[in-house]
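**Student:** take this sequence and fold it.
(2 chains)
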Amino acid sequence: MGTGGSGLLMSQDIATIRVTRYRPEKDGKPYFQDYKVPYRKDMVVLDALNYIKANLDGTLTYRWSCRMGVCGSCGANVDGVPKLTCASFLHEFKGRTIKVEPLTHFPVIKDLVVNMDDFMHKLVEIKPWILREKESPPEEGEYRQSAEELERYDQFSSCINCMLCYSACPVYGLNEKFLGPAATALAYRYIEDSRDQGKAVRFPIVHELEGVWECTLVGECSVVCPKGVDPMLAIQKTKILGATNALKSLVMPRGGK
Amino acid sequence: MSKQKPFPEYRRKLGPGWWLSNSHFTQYMIREWTSFFVAVFSLIYIYELSLFASGAKDSALALMRNPGIIAFNIVALLFTVYHALTWFYLIGKVIPIKMGKTTSKPWQALLVNIVLLLIISYAVIQILVLR
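**Tutor:** Just a heads-up that it's a prediction; the model follows:
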């Protein structure tokens, strides 16, 4: 560390960060504010926001926590695309002004902070935990599961609730009641879990008019997901399950049960 | 916690041009539009059939030879092909098939469906038209 503090930032580039500002106590609507941020090759958009808050403008408000793609709180629209700001490198935008806006479709509380109550309600609604008809006591041991059974839902359990998929979904933008990508993917994760017995509880929720049938297969949710979850696939699989069930109850005696 | 929010939140609405902001959205919207061309084509086709059925063969043929109708049919065909190809691709995304350790890719579904379409079309033409 012989070069000292300034050496760390030697031969640096300057990025222009154009951030949405909204101060609810005085602004009628949001506006953009530009900041010049010196950066190194390993800096991400979140680092730039932290630099702005520490050195240029302490009033800038945004959410963040882990800065390593795990907590899901730093999501924003970076150059119009929903991204985790902790996973968007500044050098990828070299020379261009980087636009950082709050996630689309959600009401803005302040600057980059959005109100996520709607998503949180939906998350609880699908009961994201294992439902059993009757809990067996711990003495009887765990609910066993094979590697194949795990694989059926594994990818859908990687969701970090960052809401990027909602921000990418025009269907959610047009109809706020739509259950949406992440909540459906999580519902499907439990529907496909061999230990779960809550199909009868979750099916009516995901098969409501504003459940999976609202989805028109835009597919952008799966494109933007930072954790490799494929909510579009979960929604279509849920549609297939629902249609098969409906057909069974129509043609088979006692609803195929 | 009180229910009252101290300051107003800013709510945004999707404008009519939302599908132009992202090329994926534009491709999606074009696929949605294809249904309009298929619907109009079907109406014209049903009308032509009804002319044939009522014995007005000449006016039916005149309508089919109308350059405007031909131009529309070409445009409708392009949209239908776009519709078919994008849906064939989506089939592979929605129903990936597990083959041992690997899973099928969307482009493979696209390819298989094109081949199936050609075989079935050939069979239909052989059986119904050229028999």
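
**Student:** lowest-confidence helix or strand of chain B?
**Tutor:** When each helix and strand of chain B is scored by mean pLDDT, DSSP states H and E, strand B:98-99 comes last, with a mean of 84.

**Student:** how's chain A carved up into domains?
**Tutor:** Following the assignment in automatic domain parsing, chain A carries domains at A:10-114, A:117-256.

**Student:** for the record, mean pLDDT for the first one?
**Tutor:** Domain A:10-114 shows a mean pLDDT of 94 in the predicted model.

**Student:** does any part of it sit near chain B?
**Tutor:** Yes: contact of domain A:10-114 with chain B (Cβ under 8 Å from any Cβ of the partner chain) involves A:22, A:24-25, A:29-30, A:80-81, A:104-105, A:107-109. Where you see a C-beta, it was placed from the backbone N, CA and C, and this is true even at glycine.

**Student:** and what about the residue in chain B that chain A sits nearest to, helix, strand or coil?
**Tutor:** Of all residues in chain B, the one sitting closest to chain A is B:Phe7 (3.4 Å; Cβ to the nearest Cβ). Three-state assignment for B:Phe7 (DSSP: H, G, I helix; E, B strand; the rest coil): coil.

**Student:** wait, it touches A:Pro24, no?
**Tutor:** Yes: using Cβ atoms under 8 Å, B:Phe7 makes contact with A:Pro24 at a distance of 3.4 Å.

**Student:** who has more neighbours out of those two?
**Tutor:** Set B:Phe7 next to A:Pro24 and count neighbours by other Cβ atoms under 10 Å in any protein chain shown: A:Pro24 wins out with 17 against 13.

**Student:** hmm, back to that, I'd like the residues of domain A:10-114 next to chain B as JSON lines, with secondary structure appended.
**Tutor:** Converted to JSON lines, the residues of domain A:10-114 next to chain B look like this (three-state DSSP):
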{"residue": "A:Tyr22", "secondary structure": "coil"}
{"residue": "A:Pro24", "secondary structure": "coil"}
{"residue": "A:Glu25", "secondary structure": "coil"}
{"residue": "A:Lys29", "secondary structure": "coil"}
{"residue": "A:Pro30", "secondary structure": "coil"}
{"residue": "A:Gly80", "secondary structure": "coil"}
{"residue": "A:Val81", "secondary structure": "strand"}
{"residue": "A:Thr104", "secondary structure": "coil"}
{"residue": "A:His105", "secondary structure": "coil"}
{"residue": "A:Pro107", "secondary structure": "coil"}
{"residue": "A:Val108", "secondary structure": "strand"}
{"residue": "A:Ile109", "secondary structure": "strand"}
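
**Student:** restricted to buried residues, select the residues you listed in PyMOL.
**Tutor:** Applying 16 or more other Cβ atoms under 10 Å in any protein chain shown to these, the buried members can be selected in PyMOL as follows:
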select buried, chain A and resi 22+24+30+81+104+105+107+108+109
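
**Student:** just read off the phi/psi values of the residue of chain B closest to chain A.
**Tutor:** phi -130, psi 150 (degrees, to the nearest 10).

**Student:** the residue of chain A found nearest chain B: what's it in contact with?
**Tutor:** For chain A, the residue positioned closest to chain B under Cβ to the nearest Cβ is A:Pro24, at a distance of 3.4 Å. Counting by Cβ atoms under 8 Å, 6 or more residues apart in numbering or on different chains, A:Pro24 touches A:109-110, B:7-10.

**Student:** residue 99: neighbour count?
**Tutor:** The chain I'm using is chain A. A total of 19 residues lie near A:Lys99 under the criterion other Cβ under 10 Å.

**Student:** my question was about chain B
**Tutor:** Neighbours of B:Met99 using other Cβ under 10 Å come to 9.

**Student:** how about low-confidence regions in chain B?
**Tutor:** B:1-5 (pLDDT under 70).

**Student:** any idea which helix is longest in chain A?
**Tutor:** What stands out as the longest helix in chain A, according to DSSP state H, is helix A:231-251.

**Student:** extract the C-alpha trace of it and format it as PDB.
**Tutor:** Extracted C-alpha coordinates of helix A:231-251, given in PDB (Å, rounded to 0.1, in the frame of the first residue of the first chain):
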ATOM      1  CA  PRO A 231     -40.400 -17.600 -13.600                       C
ATOM      2  CA  MET A 232     -41.900 -17.800 -17.100                       C
ATOM      3  CA  LEU A 233     -41.400 -21.500 -17.100                       C
ATOM      4  CA  ALA A 234     -43.000 -21.800 -13.600                       C
ATOM      5  CA  ILE A 235     -46.000 -19.900 -14.800                       C
ATOM      6  CA  GLN A 236     -46.500 -22.000 -18.000                       C
ATOM      7  CA  LYS A 237     -46.000 -25.200 -16.000                       C
ATOM      8  CA  THR A 238     -48.600 -24.000 -13.500                       C
ATOM      9  CA  LYS A 239     -51.000 -23.400 -16.500                       C
ATOM     10  CA  ILE A 240     -50.300 -26.900 -17.700                       C
ATOM     11  CA  LEU A 241     -51.000 -28.400 -14.300                       C
ATOM     12  CA  GLY A 242     -54.200 -26.400 -14.000                       C
ATOM     13  CA  ALA A 243     -55.400 -27.400 -17.500                       C
ATOM     14  CA  THR A 244     -54.600 -31.100 -16.900                       C
ATOM     15  CA  ASN A 245     -56.500 -31.000 -13.500                       C
ATOM     16  CA  ALA A 246     -59.500 -29.300 -15.100                       C
ATOM     17  CA  LEU A 247     -59.500 -31.900 -17.900                       C
ATOM     18  CA  LYS A 248     -59.200 -34.800 -15.400                       C
ATOM     19  CA  SER A 249     -62.100 -33.500 -13.300                       C
ATOM     20  CA  LEU A 250     -64.200 -33.300 -16.500                       C
ATOM     21  CA  VAL A 251     -63.600 -36.700 -18.100                       C
END
